[in-house]
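Student: heads up, no residue letters with this:
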């Protein structure tokens, strides 16, 4: 039984008779093969990637598993269409907070047509892509049972400034994240961004690979950051996840590193580490101000 | 007594009645303040940089010392003109091999006019700037007393491909570097690129700073790599040097890292480390083939 994904934060949605991805209950994600060769290019990437022995195992886990392609009824009612069959990354999370971050200060690839390059360049300049080396392409933020999710619309997301991005990266890991709250407490930063299995550590693992790998250049590819706020609040060992997605514009690296992706990744790392160190500083301050014994643990809590 | 610099490898030359930089015998380099505000922007950068306490001392040495500005007779005979007074980086080298590498996969800055951006973008796509994240903007290679310098012309330099760049980075540290030699021996790679004071180590120091600093964004800035091949051949302790130059398009970082510069720098680092590891591998091979005891030192020589 195929259905529209509940937690899709960017890209085309399979609603109102439009073409979009579908999911099933067994944890698979069906992405219609996009026209103009993009879909086939993405399928070709997954096929090449999955059999490429140069990709180390500890890197492979940052990519969704691909189960090939399948003919399915398209969500727009246009009949049978080839779909890419992927691991549904989100299905293992109950109330996932998700951020889709498109990495790179340029989303176009060198071989593209002049028209395509101009179109991308305009959007890259209009969003934070050029200034930050990345842009938030979509997000949802779980705020609790009552308020549900904060999921800004496409237009709002596309108008995010550097200031907005910084503030969203704080809200993303805050317990008081409701809209309009300027004083995000970042109370989940130590457990989500920090720690040996946290987002920052995972980004650094990816960075080390991107400093070296010259196999692929990932244009217009996104980094999905997701975690389950409820399980963190309850203290259960939910590990925040990172996955790379959207490979319709991956080209061969030809012996050159993907400096465009790497630069943007380093910029994101700097932002995330700033939220983390701010949150540590403020909890030290809290410990001191509350006149508690003043011992702050590594995860920023008072003891 | 002012004269035309002997070892200028890129930029406008003060010859044939044209405007260009001059040097004196005391080790100073006089760069005419370029029109359309660029010159003043570069002067303003040096002034801000030299008093900026956020710049650590071990980074400051990668920048030329600036002695302010001075009114001088312009080289094109147009009369008195303000010149930036800088340390003449090259004067301490006798027969310097020099490479001017413009860093970044984009040479334009976000605030520039559409026309300027289009002009830069075209050149960035035509050269290796987009593909490699850097381009060689000029070079001279000392080949010995008889042959003197190899100094490719501006048109040749602008047409360098990825293949050319890779090959030039090898020739740059080879003893058999004469034109047309495809089998560069890279015999100086261990002592120039490698070692604790070598080019690679210095690039890594810069990289660490660029991963963190959010003060400046260095658009269209060059990294000058220079060393004295003769003193290396004679085994004297000549330290290869790196300097950043050309700051007419530096803008404030506003809390964001210079991901454009960093990405290009990482790409250059990858290229340099490949030349270095190739040269080590080939000298291990040489040791084995020559049936010497087979002990290879860290600098790639047989013992």
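Tutor: Received, thanks. All values reported here derive from a predicted model rather than from experimental measurement.

Student: residue A:228 contacts residue A:97, doesn't it?
Tutor: Yes: if you go by C-beta atoms under 8 Å, residue A:228 and residue A:97 touch, sitting 7.5 Å apart. (Each C-beta comes from the backbone N, C-alpha and C, glycine too.)

Student: which one's more surrounded, those two?
Tutor: Higher neighbour count among residue A:228 and residue A:97: residue A:97, with 28 against 21, using other C-beta atoms under 10 Å in any protein chain shown.

Student: assign the nearest residue to residue A:56 once chain neighbours are set aside to helix, strand or coil.
Tutor: Closest residue to residue A:56 apart from its sequence neighbours, by C-beta to C-beta, 6 or more residues apart in numbering or on different chains: residue A:209 at 7.3 Å. Put simply, residue A:209 is helix when judged by DSSP: H, G, I helix; E, B strand; the rest coil.

Student: for residue A:209, the count of nearby residues, please.
Tutor: Neighbours of residue A:209 (other C-beta under 10 Å): 18.

Student: show me where the stretch 51-200 of chain A has helices.
Tutor: A:57-60, A:114-126, A:129-132, A:154-158, A:162-171, A:189-192, A:199-210 (DSSP state H, counting those that start in this stretch).

Student: okay, these in JSON lines with distance to residue B:14 and mean pLDDT next?
Tutor: Output for the helices of the stretch 51-200 of chain A, formatted as JSON lines (distance: least, C-beta to C-beta, whole Å; pLDDT from 0 to 100):
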{"stretch": "helix A:57-60", "distance to residue B:14": "52", "mean pLDDT": "97"}
{"stretch": "helix A:114-126", "distance to residue B:14": "37", "mean pLDDT": "96"}
{"stretch": "helix A:129-132", "distance to residue B:14": "36", "mean pLDDT": "98"}
{"stretch": "helix A:154-158", "distance to residue B:14": "49", "mean pLDDT": "95"}
{"stretch": "helix A:162-171", "distance to residue B:14": "42", "mean pLDDT": "95"}
{"stretch": "helix A:189-192", "distance to residue B:14": "56", "mean pLDDT": "94"}
{"stretch": "helix A:199-210", "distance to residue B:14": "43", "mean pLDDT": "98"}
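
Student: residue A:277 is nearest to which of the ones you listed?
Tutor: helix A:189-192 (9.1 Å; C-beta to C-beta).

Student: which element, helix or strand, includes residue A:225?
Tutor: Applying DSSP states H and E as the criterion places residue A:225 in strand A:222-228.

Student: in chain A, which residue sits closest to chain B?
Tutor: residue A:263 (3.0 Å; C-beta to the nearest C-beta).

Student: still on that earlier bit, which residues do residue A:228 and residue A:97 both contact?
Tutor: Counting by C-beta atoms under 8 Å, 6 or more residues apart in numbering or on different chains, the shared contacts of residue A:228 and residue A:97 are residue A:142.

Student: what's the most buried one of the helices of the stretch 51-200 of chain A?
Tutor: helix A:189-192 (a mean of 24; mean count of other C-beta atoms under 10 Å in any protein chain shown).

Student: what separates that helix from the chain centre, distance-wise?
Tutor: In terms of C-alpha atoms, centre = their mean, to the nearest Å, the centre of helix A:189-192 is set 17 Å apart from its chain centre.

Student: and that helix, what does it pack against?
Tutor: If you count contacts as 3 or more C-beta pairs under 8 Å, 6 or more residues apart in numbering or on different chains; DSSP states H and E, helix A:189-192 packs onto helix A:259-289.

Student: chain B contacts on chain A?
Tutor: Residues of chain A lying near chain B by C-beta under 8 Å from any C-beta of the partner chain: A:105-106, A:110, A:121, A:125, A:130-133, A:162, A:166, A:211-212, A:214, A:254-257, A:259-260, A:262-264, A:266-267, A:269-270.

Student: how does it look with 7 Å?
Tutor: Counting by C-beta under 7 Å from any C-beta of the partner chain, the residues of chain A close to chain B are A:105-106, A:110, A:125, A:130-133, A:162, A:211, A:256-257, A:259-260, A:262-264, A:266-267, A:270.

Student: which of these are buried?
Tutor: Taking 16 or more other C-beta atoms under 10 Å in any protein chain shown as the criterion, what is buried in these is A:105-106, A:130-133, A:211, A:256-257, A:259-260, A:262-264, A:266-267, A:270.

Student: quick one: low-confidence ranges for chain A?
Tutor: In the predicted model of chain A, residues A:177-182, A:235-238, A:286-303 satisfy pLDDT under 70.

Student: do I have it right that the residue of chain A closest to chain B meets residue B:261?
Tutor: No: contact status for residue A:263 versus residue B:261: not in contact, 8.1 Å apart, counting by C-beta atoms under 7 Å.

Student: need the residues touching each of those two.
Tutor: Common contacts of residue A:263 and residue B:261 (C-beta atoms under 7 Å, 6 or more residues apart in numbering or on different chains): none found.

Student: residue A:243 is in what secondary structure piece?
Tutor: strand A:241-245.

Student: pull up the pairing partners for whichever helix or strand comes after that strand, direction included.
Tutor: Using DSSP H and E, the next helix or strand after strand A:241-245 towards the C-terminus is strand A:250-252. Here strand A:250-252 is paired, per DSSP bridges, with strand A:216-218 (antiparallel).

Student: break chain A into its domains for me.
Tutor: Domain assignment for chain A by the TED database gives A:1-91, A:92-281.

Student: now find how far off-centre the first one is within its chain.
Tutor: Same thing as domain A:1-91. On the basis of C-alpha atoms, centre = their mean, domain A:1-91 sits 16 Å off its chain's mean C-alpha point.

Student: next one: stretch A:101-117
Tutor: Distance, centroid of stretch A:101-117 to centroid of chain: 19 Å (C-alpha atoms, centre = their mean).

Student: contacting residues around residue A:256?
Tutor: A:214, B:131-132, B:162, B:267.

Student: now it, what's its secondary structure?
Tutor: coil.

Student: do you know how far it is from residue B:133?
Tutor: Distance of residue A:256 to residue B:133, computed by C-beta to C-beta, to the nearest Å: 8 Å.

Student: quick one, phi/psi of the closest residue to residue A:83 other than its chain neighbours?
Tutor: Nearest residue to residue A:83 in three dimensions, chain neighbours excluded: residue A:30, at 4.1 Å (C-beta to C-beta, 6+ apart). When read as degrees, to the nearest 10, the backbone of residue A:30 gives phi -110, psi 110.

Student: list the contacts for residue A:30?
Tutor: A:2, A:21-23, A:70, A:72, A:83, A:85.

Student: neighbours of the nearest residue to residue A:194 once chain neighbours are set aside, just the number please.
Tutor: Nearest non-adjacent residue to residue A:194, counting by C-beta to C-beta, 6+ apart: residue A:276, 5.1 Å away. By other C-beta under 10 Å, 23 other residues sit near residue A:276.

Student: thought residue A:88 was touching residue A:25?
Tutor: No: look at residue A:88 against residue A:25 with C-beta under 7 Å: they stay out of range, at 9.5 Å.

Student: between these two, what contacts are shared?
Tutor: Residues touching both residue A:88 and residue A:25 (C-beta under 7 Å, 6+ apart): there are none.

Student: on that earlier part again, between residue A:256 and residue B:133, which contacts overlap?
Tutor: Joint contacts of residue A:256 and residue B:133 (C-beta under 7 Å, 6+ apart) are residue B:267.

Student: give the bridge partners for the residue nearest the centre of chain A, please.
Tutor: Nearest to the mean C-alpha position of chain A, by C-alpha atoms, centre = their mean, lies residue A:224 at 1.7 Å. Beta-bridge partners for residue A:224, by DSSP bridges, are residue A:100, residue A:243.

Student: thinking again about what came up before, now the angle from the strand holding residue A:225 to strand A:241-245?
Tutor: If you take axes from the mean of the first three to the mean of the last three C-alpha atoms, to 10 degrees, strand A:222-228 sits at 150 degrees to strand A:241-245.

Student: show me what strand A:222-228 is packed against.
Tutor: strand A:96-103, strand A:241-245 (3 or more C-beta pairs under 7 Å, 6 or more residues apart in numbering or on different chains; DSSP states H and E).

Student: follow-up on the earlier one: ok, the residue nearest to residue A:194 to residue A:204 distance?
Tutor: 12 Å.
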